[in-house]
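Asks: Structure for the following, please:
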Amino acid sequence: MKPAVSETVGDTTATQETPAVGQTPAVGENGAANPAIGEPSAVGETPVGEEKPPVVDDRPSVLIIGGLGYIGRFLALHIHQNNLASEVRLVDKHLPELAWLAPEFKEACSREKFMQADASREQSLQRIFDRPSGKQWDYVFNCGGETRYSQEDEVYRVRSHALSLAVGKEAAKRGVKVFVEMSTGMLYKPDSVPRKETDKLKPWLKLAKWKLAAEDELAKIEGLNLMVMRMAHVYGPYTSKFISTALCMARVYQFLGKEMKWLWKGDLRTNTVHVEDVARALWTGAEWYCKTPSPPRKAVPIFNLVDQGNTSQGDMANLMHAVFNIDTGFHGTIISAFARLNLDHVVDDVNDELLDPWADLQTKANISQSTPLSPFMEKELLKDTDLSLDGTAFVKETGFKYNHPKLTQQEIEAVIESYRKMGWWP
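Replies: Numbers count the residues shown, from 1 in each chain. Below is the predicted model:
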């Protein structure tokens, strides 16, 4: 499921480009006055006639492609709050002022760190990768690409596949220490049994098909220090993806006084992972990659990122009941079988039922500005397919611990509260 107003922030394809606003200055001398001639230097001061040695900042430098996207902005925030990098550059097609950034991202995603550019175009790559110091970036995270569902193949080819290959080739040419590629868990052959990184691949969305193609071709680029992260449904504050659609639908059913029903069955897996854990895991993975020799590390490590809750449709139904105090349930076998054969009509009927009441709710709440939230349901995400991932490999290899191990009522309420803070929630 996804909303009508899709979250394309993080797609770095654009025609307009503006230069970076400011750069992090090199560390200079402290300008302290010299002691009087003939006087001994104070402890720690540089003797007269000698220059102070430059301060060496050994923290990694970081380039985030799609830096204003949902994952990119939380990665930037994690780096900023923990003072992890010597320099950060965020590249995106959207300006920060137009990206629905919450107040806490003001410094992490400031204009000084931002560059507007189309990272899929070869002529943009030198400007994106060049640094004033002449040095190369240590960590490059590709959080960019097309994140909307139900697009044409050509959209994913140009905005995701071509983007990944362009920045991957440039990263290899420049000897970047690690290139972290965001991918999806929707490229495994669906099964209720959690899929491991070595299990059979059979993408069940067009988005996933092109993500897998990018993975395969990136792995063939000579000299690219590649690591791939395959994710479950990412949720958290300000999300406008899978879980936000369910929340908007539940709000409408609450408004209408109707029961909220799901197709298929309660044990259909819809695994999840919190965006803050994703941001932490990306950094942990990059550090692990750079510290771990190969072998024993695989040449191209691939990891699933998923919480330990094994989220299902039944869990979602129970949470919607608890949060909104509405009846929830599942359509019977006959209706689900009919829906499988007539999915287009079913999706259209549901959207027709929900979109007008949602608009009424927004009007009553005096929400006049555009928001990224909508109950609009995508046909692609209404398939009877399990998103079920096994994330133990990453935990075992890196020692990573999830701070949000399970989707709970408290997590859902925190998401809704973030919407209220932004003036999005009716």
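Asks: surely residue 93 meets residue 121?
Replies: No: look at residue 93 against residue 121 with C-beta atoms under 8 Å: they stay out of range, at 11.1 Å. For glycine as for every other residue, the C-beta is placed from the backbone atoms N, C-alpha and C.
Asks: ok, the two, which is more surrounded?
Replies: A count of neighbours by other C-beta atoms under 10 Å puts residue 93 above the other of residue 93 and residue 121, at 26 against 17.
Asks: Per-residue pLDDT of residue 345, please?
Replies: Listed pLDDT for residue 345 reads 90.
Asks: Show me which residues of the lowest-mean-pLDDT helix or strand in the chain are buried.
Replies: Among the helices and strands of the chain, helix 333-341 carries the lowest confidence by mean pLDDT, DSSP states H and E, at a mean of 82. Across helix 333-341, burial judged by 16 or more other C-beta atoms under 10 Å covers 336, 339.
Asks: Please name every helix or strand in contact with that helix.
Replies: Using 3 or more C-beta pairs under 8 Å, 6 or more residues apart in numbering; DSSP states H and E, no helix or strand is in contact with helix 333-341.
Asks: so after it, what's the next helix or strand?
Replies: Proceeding C-terminally, helix 333-341 gives way to helix 343-364 as the next helix or strand, assigned by DSSP states H and E.
Asks: ok and that following helix relative to helix 333-341, angle-wise?
Replies: 100 degrees (axes from the mean of the first three to the mean of the last three C-alpha atoms, to 10 degrees).
Asks: helix/strand/coil for residue 329?
Replies: The assignment at residue 329 comes out as strand when based on DSSP: H, G, I helix; E, B strand; the rest coil.
Asks: For the residue nearest the centre of the chain, identify the helix or strand it belongs to.
Replies: Residue closest to the average C-alpha location in the chain (C-alpha atoms, centre = their mean): residue 71, at 2.4 Å. Using DSSP H and E, residue 71 sits within helix 70-81.
Asks: can you give me the helices for the chain?
Replies: Along the chain, the segments classed as helices by DSSP state H run 70-81, 122-129, 153-156, 162-173, 206-218, 242-256, 275-291, 313-324, 333-341, 343-364, 392-398, 409-422.
Asks: residues of the first one that come out buried?
Replies: For helix 70-81, the neighbour count (16+ other C-beta under 10 Å) marks 70-80 as buried.
Asks: Closest one of the residues you listed to residue 353?
Replies: residue 70 (27.7 Å; C-beta to C-beta).
Asks: ok, that closest one touching residue 275?
Replies: Yes: between residue 70 and residue 275 there is a contact under C-beta under 8 Å: 6.5 Å.
Asks: Mutual contacts of these two, please.
Replies: Each of 234, 239 lies in contact with both residue 70 and residue 275 under the rule C-beta atoms under 8 Å, 6 or more residues apart in numbering.
Asks: Great, nothing more from me.
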